[in-house]
Structure formats: C-alpha cells, structure tokens
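Undergrad: Got a sequence here, can you model it:
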Amino acid sequence: MSDFASLLGKFQHSTESLSKRSGVDEEDKHNRKKKRAREIDAKDFSPVEKIFLLCPAGVQTGGPEALHQLCDKLNRTTSIPAYMVYVVSEGNGVTFASRAKTPASYRNYQSPIVNYDPLQQGDPTHLMIWPECWTDEMLDYLNRQFSNPNQCAIWWLSVNNNTNRFKDWDRKDIFHMAQSKYATKHLLENGATHILRMTEYISDPPEPDDSTEREIDVLFNPLKGVHYTDEIRKRSGASINFRPIGGGLDGRIRLAPQEVRSLLMQGKIYIDFGPHPGMDRLPREAALAGCVVVTNMEGAAMYNEDIPLPPKYKIRTFDPETVHKLLKQILNDYKSSSSDMEEYREWIRGQQTQMTKCVSNLVEEFATKRSKNAE
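TA: Just a heads-up that it's a prediction; the model follows:
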C-alpha cells in the first residue's frame, strides 16, 4: 500500500508541475501575442477581401441602422463583399445568433446575413467591424489562440457609450473608425493610430408640408438631459407647450420611427441638452422635419463639424432664463428662425454622399494600398 501511495504522490506531483508549466506557457503565449500587437505595422496586414459587421440581433436604433448602411454602401459601391453578423450578449461576451433575421425596417439595405459564425475562426483577409459598445468582446476575440485572426476595427458611433472601457490604445492590430469629430479627438488624445473617418446618414429624409399646422411648440428627448429640460419647463410655465418624444405618462416609452417622425412634423422647436455622445440622429431628423434645433455644447455638440448650427442656437452655459428667451424669440418668428436652419439641413442631406466618399477611402486604405505594397 505504501508503494502505491508513493507512486500516486509522484503522479500528482508530475501532474501539478505539468499544469503549472501549461499555465505559464499559455500566459507567455498571450504576452507574446500582445507584444506583437503593439509592434505590428500597417504594411504587415493583408489586403481585405471580405468585411463582417457585428450588430445586435433584433435591435432597431441609430447604431444598428448605421451598421446596415455601411454594409449596404460597401456592397453597392465597392468590390468587397460585406455581411451582417447578428449577435446576442451573453455573460461577458457575444454569441452568434444563427437564426436572427434582418429587421423589417432595414430590408431596403443590401445587407446579407453571414451563414456561418466568423467568431469561431480567423482569416487575415477578413475584417470585422465592431461597434464601440463591444470593445471588451473584440479584445476577447483577438486574444483567442487563432494563428491568423480576422482583422478588427472599432466604429466609434459614440464616445460616451464605451464608458472608457477600452484602454489598449497602443495596439497596432486594431483599427479605428470615427463617426464624429468628437470621436476623432477622443481617439487622437488617447494615442490611437489607424484612424479613418466614417459617417452615416438619415435614410428617407422627411419632407415637411409647409401648409401643415405645427401645434407643438417644443419637442424634447425625455431620455437625455431631462434635468435641464425640467428647469426650462419650470421657467416657461404654461406660456410654452412642451412635448416629450416618447409614449406613456412620463414620455419614456420608445416610439416607432414613424411615430417619431409624425411628432417632429408637428413641432416648431427641438431642444437637446443631453451629452451628445456622437453625431446624434434626432437633431438631424428634427431639422429635416422642419424644427428649429437648439442644443447645448456638450460632447459632439461642441464641434461645428458634427452639429453645424448657427451660434445663437447653441447654448454654451446653461441658464433657464436665456433658453426661455431664445425659445420665445423663435416662436414669435418661427419662419425666420426655420430659414436659419437651411445650411444645416443641406449639410445633413449631403451626408449620404459623404459616406460614399468615406467608404471609398476605407477600401483604398484596407485593400488598394495594401495590394500595391504587396506587388
């Protein structure tokens, strides 16, 4: 029995040593991979031949629509095929949603669904574009033991929604796409490299009927900057008619896109004193629907490249009295104030053309230049 115990002890000691050695090997391999990620150069990447866009399954908001727009532009204007990859969040990661379907409102986009899980394999000629809300999940993918993982890019559709989770700014194997000047500044300040501009646009822009009576004085987003809006409403009292863009008693129930557009066509002013994490869609939709847009100067609203409103319609330092007086001036001469929005509206209408240029530049950087360098 003692001989058996001795043999068992030797076996356990050998197994523990092997396990420790294996753990050290895995950690060493991981560290070498991270070091390589910081030293890699753009010339080391293969020309991109296929693009995947990761998108939450079944969600219909501004971010998912932008991802479908990019997929559509790639397929319609370039020779690189692009596919939607619908995923669901599970625990600390994302899982391929093999049965997900394209939402009805996005079926006008040329955005085919990939028929296999690209998260479970790697191909150095493939590019995966991740929204900024999933940078942890992207790093988890890159840190797996693929010998040749897909190339990865983050599309910064917002800055604030990442909540400063992304810290690996010195990695050269991660590309960045900025939807706004605000995002570009954020990336540069943190030392990111490989930055490309990538805008999106308002699809099917509204065409307001000038003969329609606008019965709502001021519209606002009940999910952003509500404490500021409450102060304005308290100051204005019953002299101004305010209406949230939402359903329910508190206006916080999300409306369908058609319902939002209907409200915007009835309003004279749209105010937005939220954080503006990116070049938000609602101010642009409101302007195209005929509203006079008034914002603060937080986040993307600080930059004319993101929200090019005339200066009088941007409030630098919040003061309920100042805002109240401006709202009264607009309501007293709505037509004149609305005409002040025309340059902003033309700028918004030009964003689809601008996105086509951004997509062309993406192909130039990820495919054309690399192919020439490889010759």
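Undergrad: Give me the below-cutoff pLDDT ranges for the chain.
TA: 1-43, 145 (pLDDT under 70).
Undergrad: Nearest residue to the middle of it?
TA: The geometric centre of the chain, computed from its C-alpha atoms, lies nearest to residue 157 (Cα atoms, centre = their mean), at 2.3 Å.
Undergrad: Angles on the backbone of that one, please.
TA: Residue 157 adopts backbone torsions of phi -70, psi -20, taken as degrees, to the nearest 10.
Undergrad: Would you mind measuring from it to residue 335?
TA: Residue 157 is 34 Å from residue 335, where distance means Cβ to Cβ, to the nearest Å. For every residue, glycine as well, the C-beta is placed using N, CA and C.
Undergrad: related to what we said a few turns ago, quick one, what contacts the residue nearest to the centre of the chain?
TA: Residue 157 sits next to 62, 63, 66, 131, 132, 179, 183, 200, 278 when contact means Cβ atoms under 8 Å, 6 or more residues apart in numbering.
Undergrad: Of those residues, which belong to helices?
TA: Assigned to helices by DSSP state H, the following of the contacts of residue 157 qualify: 62, 63, 66, 183.
Undergrad: Just among those, which is most surrounded?
TA: residue 183 (29 neighbours; other Cβ atoms under 10 Å).
Undergrad: show me the contacts for that residue.
TA: Applying Cβ under 8 Å, 6+ apart, the residues near residue 183 are 156, 157, 158, 159, 278, 300.
Undergrad: So which of these is the closest to residue 85?
TA: residue 157 (16.3 Å; Cβ to Cβ).
Undergrad: Could you pull out the helices in this protein for me?
TA: Per DSSP H, the chain carries helices over the ranges 2-39, 62-77, 135-142, 181-189, 226-236, 257-264, 281-288, 320-332, 334-339, 342-349, 351-363, 369-374.
Undergrad: and of those helices, who's closest to residue 217?
TA: helix 320-332 (5.9 Å).
Undergrad: Which residues does that closest one contact?
TA: In contact with helix 320-332 (Cβ under 8 Å, 6+ apart) are residues 217-218, 231-232, 234-236, 239-240, 268-269, 271, 292, 294, 312-313, 315, 337.
Undergrad: ditto for stretch 187-201
TA: Residues from elsewhere that reach stretch 187-201, judged by Cβ under 8 Å, 6+ apart: 42, 65-66, 69-70, 155-157, 169-170, 172, 174-179, 184, 279, 348, 351-352, 354-355, 358-359, 361-362, 365.
Undergrad: Just the buried ones from the residues you listed?
TA: 65-66, 69-70, 155-157, 172, 174-179, 184, 279, 348, 351-352, 355, 358-359, 362 (16 or more other Cβ atoms under 10 Å).
Undergrad: and residue 366, how many neighbours?
TA: 24.
Undergrad: so how far is residue 372 from it?
TA: Taken as Cβ to Cβ, the span from residue 366 to residue 372 is 12 Å.
Undergrad: cool, and residue 296?
TA: From residue 296 to residue 372 the distance is 46 Å (Cβ to Cβ).
Undergrad: Have a look at the two and say which one is more surrounded.
TA: A count of neighbours by other Cβ under 10 Å puts residue 296 above the other of residue 296 and residue 372, at 21 against 9.
Undergrad: Excluding sequence neighbours, find me the nearest residue to that one.
TA: Leaving aside its sequence neighbours, residue 296 sits nearest to residue 273 (Cβ to Cβ, 6 or more residues apart in numbering; 4.7 Å).
Undergrad: Report how many residues lie close to the one you found.
TA: Around residue 273 there are 24 residues (other Cβ under 10 Å).
Undergrad: Check the gap between it and residue 226 for me.
TA: Using Cβ to Cβ, one gets 9 Å for the distance from residue 273 to residue 226.
Undergrad: again, but for residue 75
TA: According to Cβ to Cβ, residue 75 and residue 226 sit 40 Å apart.
Undergrad: other SSEs contacting the lengthiest strand in the chain?
TA: Ordering each strand of the chain by length in residues (DSSP state E) puts strand 82-90 first. Helices and strands touching strand 82-90, by 3 or more Cβ pairs under 8 Å, 6 or more residues apart in numbering; DSSP states H and E, are strand 50-56, helix 62-77, strand 93-96.
Undergrad: what do you get if the cut-off is 10 Å, keeping everything else the same?
TA: strand 50-56, helix 62-77, strand 93-96, strand 126-131 (3 or more Cβ pairs under 10 Å, 6 or more residues apart in numbering; DSSP states H and E).
Undergrad: quick one: residue 64 and residue 103 touch, right?
TA: Yes - the pair residue 64 / residue 103 is scored as a contact, 7.6 Å apart, by Cβ atoms under 10 Å.
Undergrad: which of these two has more neighbours?
TA: Taking other Cβ under 10 Å, residue 64 and residue 103 do not tie; residue 64 has more neighbours (22 against 16).
Undergrad: Excluding sequence neighbours, find me the nearest residue to that one.
TA: Distances taken as Cβ to Cβ, 6+ apart place residue 55 nearest to residue 64, at 5.2 Å, with adjacent residues excluded.
Undergrad: what is the one you found paired to in the beta sheet?
TA: Going by DSSP bridges, residue 55 is paired in beta bridges with residue 86.
Undergrad: so who does it touch?
TA: By Cβ atoms under 10 Å, 6 or more residues apart in numbering, the contact set of residue 55 is 63-68, 71, 84-87, 97, 100, 102-103, 106, 111, 113, 129-131, 134.
Undergrad: go with 6 Å
TA: 64, 67, 84, 86 (Cβ atoms under 6 Å, 6 or more residues apart in numbering).
Undergrad: got these as a markdown table, with distance to residue 248 columns?
TA: Putting those into a markdown table (distance: Cβ to Cβ, whole Å) gives the following:
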| residue | distance to residue 248 |
| --- | --- |
| 64 | 23 |
| 67 | 28 |
| 84 | 32 |
| 86 | 29 |
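Undergrad: In these, which residue is surrounded by the most others?
TA: residue 67 (26 neighbours).
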